[in-house]
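Enquirer: got a structure for you, letters missing:
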């Protein structure tokens, strides 16, 4: 073990993506409160600190992640208003909509936001999710 902890702990910590929870069905997670996303082989783990809350979403139930690079696009689609809430000029919010199947089989989504720094990590996480999805066909 090194001076500041083991290498294994550092690797696991670096995989967690820091984002802000925005909307969905996560009890105990206030809007615009920081949390972390960690994708494992079995589940997506969503964590909150103080008090610590850990939520696991079975990876098999994750459908996709939609990334909105412009806040007003997200707001127009999900809130019905074309606005930007960012008060910091030059630092735009990117929204990540995690689409999944609830335990009842209904389509649901959890919404998070972050900055350009987190978006690349979320894109890589989405690519990992897409690699494991099975091919399907259906009629409309």
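Expert: Perfect, I can see it now. Just so it is clear, the structure is predicted and the values come from calculations on it, not from any experiment.

Enquirer: Sketch out the low-pLDDT regions of this protein for me.
Expert: Counting by pLDDT under 70, the ranges of the chain that qualify are 1-14, 83-90.

Enquirer: Any buried residues in the helix or strand harbouring residue 74, and which?
Expert: Assessed by DSSP states H and E, residue 74 sits inside helix 71-78. The neighbour-count check on helix 71-78 (16 or more other C-beta atoms under 10 Å) flags 71-72, 74-75, 78 as buried. C-beta here means a position set from N, CA and C on the backbone, and glycine is covered the same way.

Enquirer: Strands of this protein, residue ranges please.
Expert: For the chain, strands defined by DSSP state E occupy the ranges 17-23, 33-39, 43-48, 53-58, 62-68, 94-101, 107-114.

Enquirer: Now those strands in JSON lines, please, with extra columns for distance to residue 126.
Expert: Formatted as JSON lines, the strands of the chain follow (distance: least, C-beta to C-beta, whole Å):
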{"stretch": "strand 17-23", "distance to residue 126": "11"}
{"stretch": "strand 33-39", "distance to residue 126": "9"}
{"stretch": "strand 43-48", "distance to residue 126": "11"}
{"stretch": "strand 53-58", "distance to residue 126": "14"}
{"stretch": "strand 62-68", "distance to residue 126": "4"}
{"stretch": "strand 94-101", "distance to residue 126": "9"}
{"stretch": "strand 107-114", "distance to residue 126": "12"}
